[in-house]
Each structure stands twice: as structure tokens, then as C-alpha cells.
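K.L.:
Just need the structure, nothing else, for what follows:
(one chain, ligands or ions: 2)
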Amino acid sequence: MNSDNQKIIFLDRDGTIIFEPGDFQVDSIAKVQLVPEVISSLSRLIDHGYILVMVTNQDGLGSNSFPETQFTEAHEYVLELFRSQGIEFKDIFICPHFETDNCDCRKPATGLITEFLVQNNIDPQRSYVIGDRDTDMEFSKRLKLQGIKIDPYAKQPWSSIVDEILSVDRKAKVVRQTNETEISVEVNLAVSAPVSISTGMVFLIICLNNWRNTPIPQSSLNVMAIWVSMNIIPLKMWPYLLGKHLVWH
Ligand SMILES: [Mg+2]
Ligand SMILES: [Zn+2]
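P.N.:
Numbers count the residues shown, from 1 in each chain. Ligands and ions are numbered 1, 2, ... in the order given. As a prediction, this is how the structure comes out:
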């Protein structure tokens, strides 16, 4: 039993990290196609201490129309692809049944991960289910976790999801660090824009302009986040510090 509260992302596979083909079966390497941004996005989550767990329904896996050897070849290829980019899944759970089988492990049922939930201490505030179907969202409800629905065909399907997760993460951290002070600082340096700082007296909307063209290194952001949380630098000094990155509204 791990005693630390773990930040877990329960990830669907087809339609979430790889595209789901028209016949719903990824039974050859030729059918494997990554959803845009998934590698960099999952890397960001891992860098921030999130643990990835795959939970996937594979209807009829092992039947004549979906032989296990074909599934396994494609599945291993997917895992090796992610592994080569530093992305590992702590666990992988697969339901091979049809909906009509009425098993207790096909999402939205939670039977696949019952044992995992017993063995792991999950931080419910910072754990998520990410998937492309309503059943994934129902699965999240039954687990009492936040569900995030992804549209793999959206322009940037992953980056906004990760921005949102990391913003919750960072806010949680900053609020904890400023418990002792009068000031409440809400800073979100994880996202491109906008960033807001509120003291109750002052409300500033700061837009970090051209973020992608003039990136601030993550290490600098981490230092700035600490400065903000400790109130080392007065709020009015931030425009000078960030200089050309700032646009005032
Ligand atoms: Mg799916
Ligand atoms: Zn099942």
C-alpha cells in the first residue's frame, strides 16, 4: 500500500491517446495513429507527478473477429511508442467483453480497477478520468473523480486539458503556501494566458503575450511561482519583472 496520496490519470485508449478506426478495432500496426499533442501532454503530466493508468474496453477481444494476437501486436506497438518517449503506464486494464455480456469490468462499470483502488491511495481532488465517450464520463462519476471528455478531432485536443489540470494543481499549491498571509494570490503560470492576480483590493488581468514565440523557461516560472506565493515581490513590481511579456487590460 502506497501511503502517499497519488495523482492518478485514468486514461482511455482508443479515441483518447490513439484514434479509433471506423470499425472500432485497432488490430494492426497500420491502424495506429496518435492523437495530436498526446506525447508532449502526457510528458507534462508525468513531469508534474501524475501517474498514468490505462483503462480500455476492447469489445470482443479474443473472438474470431478480433483475435488476441492481432490486438496484442498493435497494443504492444502503441506501448513501445509511448515508452520510447518516456511515457509509462503504471497499470493497464482491459475489458474484453461485449456490452451484452453484462460483465462487471466493462466501463462504465468499475470492476477492472477495484483492486487498484484498494492498493493505491488516490488524491481525489487531483485525479481524473480522461476519455472520449459518455461511458468514460459515467465511469468517472462512479469513481467520484472528475471526468474530462476529449474530442480527438479538435484542433488542439490535449493542450487545454493539461493546462486545466496543471492550473488546478498549481492553485492548490499556492493556496496552501499562502494560508498564513492576509493576501490571497491566485496565479496560474502553467497556462499561456490569461494569468490573474487578485488581492481582494486589486484585480489585474495579465496576458502573457506571444508566449510561444518568447517562452519563459519552466525553471524561471517555478521560481516566480514561489516568489508570488511567498509574496517576496510586491504585485506592482511584476510588470517590470516580466517586461515585454505583459499586456495590461
Ligand atoms: Mg474511447
Ligand atoms: Zn468485462
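K.L.:
contacts and neighbour counts: CA atoms only from here.
P.N.:
Noted.
K.L.:
Contacts for the helix or strand harbouring Leu42 next, please.
P.N.:
In this structure, Leu42 sits in helix 38-47 according to DSSP states H and E. With CA atoms under 8 Å, 6 or more residues apart in numbering as the test, helix 38-47 has contacts from 17, 51-52, 82, 85-87, 158-159, 162, 166.
K.L.:
interface residues of the protein facing ligand 2?
P.N.:
95, 97, 103, 105-106 (CA under 5 Å from the ion).
K.L.:
Can you flag the buried ones in these?
P.N.:
Buried by 16 or more other CA atoms under 10 Å: 95, 97, 105-106, out of the residues of the chain next to ligand 2.
K.L.:
hang on, Ile113 in a strand?
P.N.:
No - when classified by DSSP: H, G, I helix; E, B strand; the rest coil, Ile113 is found to be helix rather than part of a strand.
K.L.:
Relative to Gln119, how far out is the residue nearest to it when sequence neighbours are not counted?
P.N.:
Excluding its sequence neighbours, the residue lying closest to Ile113 (CA to CA, 6 or more residues apart in numbering) is Phe93, at 7.3 Å. Computed with CA to CA, to the nearest Å, the distance linking Phe93 and Gln119 is 15 Å.
K.L.:
what's the distance between Glu37 and Trp158?
P.N.:
6 Å.
K.L.:
So for the two, which sits in the more crowded spot?
P.N.:
Trp158 (22 against 15; other CA atoms under 10 Å).
K.L.:
tell me the angle the longest helix anywhere in the chain makes with helix 38-47.
P.N.:
Secondary structure of the chain per DSSP state H: the longest helix is helix 159-177. Interaxial angle, helix 159-177 versus helix 38-47 (axes from the mean of the first three to the mean of the last three CA atoms, to 10 degrees): 10 degrees.
K.L.:
which of the contacts of helix 38-47 lies closest to ligand 1?
P.N.:
Closest approach between the contacts of helix 38-47 and ligand 1, by CA to the ion: Ile17, at 8.7 Å.
K.L.:
Surely that closest one touches Glu37?
P.N.:
No - using CA atoms under 8 Å, Ile17 is not in contact with Glu37, being 9.2 Å away.
K.L.:
Quick one: the helices in this protein, in order.
P.N.:
Under DSSP H, the chain gives helices at 38-47, 68-84, 114-119, 134-143, 159-177, 218-230, 238-242.
K.L.:
quick one: which of those is nearest Pro152?
P.N.:
helix 38-47 (9.8 Å; CA to CA).
K.L.:
For the closest one, buried residues please.
P.N.:
So helix 38-47, judged by 16+ other CA under 10 Å, has buried residues 38-39, 41-46.
K.L.:
Looking at the residues you listed, which is nearest Asp59?
P.N.:
Of all those, Val38 has the smallest distance to Asp59: 23.8 Å, by CA to CA.
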